[in-house]
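Participant: Sequence and predicted structure, then a few things I'm wondering about:
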Amino acid sequence: MYEKIVEGSLISDEAFRQALKKTLSELRIDVHRLSRFSGVAESTLYKLVSGERSNPRISTFRQIIGAIKKLEGLDEGEPFIAVIASRQSLDSLKTTYFGTGKRRFRIKEYPVSSVEDVIIAAVRAQSEGARGLVCAPIVSTTIEKIVNIPISTCPVGLCQEPFLKAIESLTYKIVE
């Protein structure tokens, strides 16, 4: 996601602003939380997001990108589990971490809308360091042929909390 902010900043101030707003939405964080992670003043971030201010200093830009990378789990060695599903399904997932015993995994969402998107997201998740991934049963056998990380699925009709059940199952595969 941070790449979209960098790309937007190279296009225009408006593209930067839109990419930053979209990234905050996709990460489900607000300006206050980004301020805490980045060290950039909340007022500065509000001005950037609202369009009241453009062209952040390069040091501010670096702080924002660094914080986004940390929130995505790309800047640190924090283990994460990729959850690949439609945005509507991902919105039902109300947690960003899952723990089993002494292990704790961050949950990173990959919104998709086609089988092609699923394949791309799976390859991307593995390249970004995912320890395992959760996807729909209908695509899992294909994804297993492409990636070398554990995969878990849970048919929505059979689980009360499908993602959490699948994530729990996956954490046992990873830890063992």
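Facilitator: Good, I have the coordinates. Numbers count the residues shown, from 1 in each chain.

Participant: So which bits of stretch 24-41 are buried?
Facilitator: By neighbour count, with 16 or more other C-beta atoms under 10 Å as the criterion, the buried positions of stretch 24-41 are 24, 27, 29, 31, 34-35, 37-38, 40. Where C-beta positions appear, they are placed from N, C-alpha and C, glycine not excepted.

Participant: residues in contact with that stretch?
Facilitator: Outside stretch 24-41, the residues within contact range by C-beta atoms under 8 Å, 6 or more residues apart in numbering are 1, 42, 45-46, 49, 60, 63-64, 66-68, 70-72, 96, 109, 111.

Participant: low pLDDT regions in the protein?
Facilitator: Along the chain, the parts satisfying pLDDT under 70 run over 73-78, 101-102, 155-162, 175-176.

Participant: can you give me the strands for it?
Facilitator: Secondary structure of the chain (DSSP state E): strands at 80-85, 97-100, 103-111, 132-134, 151-152.

Participant: Which among the ones you listed is found nearest to Ile11?
Facilitator: When the strands of the chain are compared by C-beta to C-beta, strand 103-111 sits nearest Ile11, at 22.3 Å.

Participant: what are the pairing partners of the closest one, and which direction each?
Facilitator: Taking DSSP bridges as the criterion, strand 103-111 sits next to strand 80-85 (parallel), strand 97-100 (antiparallel) in its sheet.
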